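[1] Next one to model:
(one chain, ligands or ions: 1)
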Amino acid sequence: MDGELALNTFSRWLHVGTAIVLLGGVVFLRFVVLPAAERLTSEASEVLCDHVRATWKLFVHAGVALLLVSGLYNYLAVLAPLHKGDGLYHSLMGTKILVALAVFFLVEALVGRAAAFEGLRQKSKMWLGIVILLGALIVAISGFLKMRVG
Ligand code: HEM
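    Modelled structure (predicted):
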């Protein structure tokens, strides 16, 4: 196996693996952690959510950075040259990147402390649900781009 193939495979592995961890974590938060927290007293729930957020935000920061770096490398260095002149490919990839930026904003705002996004954090359950739907759309677009021929 030559070096370029090894690097491209590593970058794809990193991208898909990070997407699994990030989206899986959001599903776990929305459907397991938040319902469990709601069964506690409000003080206990707040302590649990603070501890969860303090650790989860490290995954979010690293995940966003890794998805951006591996995704940009996969697109600009590996796939864009192979899809020269393929308008559908690039417009769907552009759409995917815009939706991914919206997801990055939401997950960062949800783990952050900025007062401007406190309203968003008050409705964490709803916004995590929206992140899951947008994430599913991103994975669908990505899978389509991988599978379509021509
Ligand atoms: C929430 C953010 C993201 C998620 C969940 C995600 C998920 C995925 C998944 C699952 C694949 C593999 C699809 C398959 O092989 O079936 C993929 C491929 C890809 N992603 Fe992402 N991605 C995200 C963000 C990004 C960003 C920000 C970029 C670029 C800046 C990007 C660029 C790419 C490229 C170029 C491919 C390969 C597409 C192809 O095979 O033609 N991704 N992504």
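
[2] So, low pLDDT: which residues of the protein?
    1, 150 (pLDDT under 70).

[3] ok, and the closest non-adjacent residue to the residue of it found nearest the ligand?
    Closest approach between the chain and the ligand, counting by C-beta to the nearest ligand atom: residue 71, at 2.4 Å. (C-beta placed from N, C-alpha, C; glycine too.) Counting by C-beta to C-beta, 6 or more residues apart in numbering, residue 15 is the residue found nearest to residue 71 once chain neighbours are left out, at 5.8 Å.

[4] residues contacting that neighbour?
    When contacts are counted by C-beta atoms under 8 Å, 6 or more residues apart in numbering, residue 15 touches 66, 67, 70, 71, 74.

[5] And residue 75, by the same measure?
    Residue 75 sits in contact with 93, 97, where contact means C-beta under 8 Å, 6+ apart.

[6] change it to 7 Å
    residue 93 (C-beta atoms under 7 Å, 6 or more residues apart in numbering).

[7] What sits closest to residue 25 if chain neighbours are left out?
    Per C-beta to C-beta, 6+ apart, closest to residue 25 is residue 59, 6.0 Å.

[8] What of residue 27?
    residue 132 (6.0 Å).

[9] Need phi/psi at that neighbour.
    According to degrees, to the nearest 10, the main-chain angles of residue 132 amount to phi -60, psi -40.

[10] Hmm, residue 28 and it touching each other?
    No: assessed by C-beta atoms under 7 Å, residue 132 is found out of contact with residue 28, at 10.7 Å.

[11] So between the two, which is more surrounded?
    For residue 132 and residue 28, the more surrounded residue by other C-beta atoms under 10 Å is residue 132, and the numbers stand at 17 against 13.
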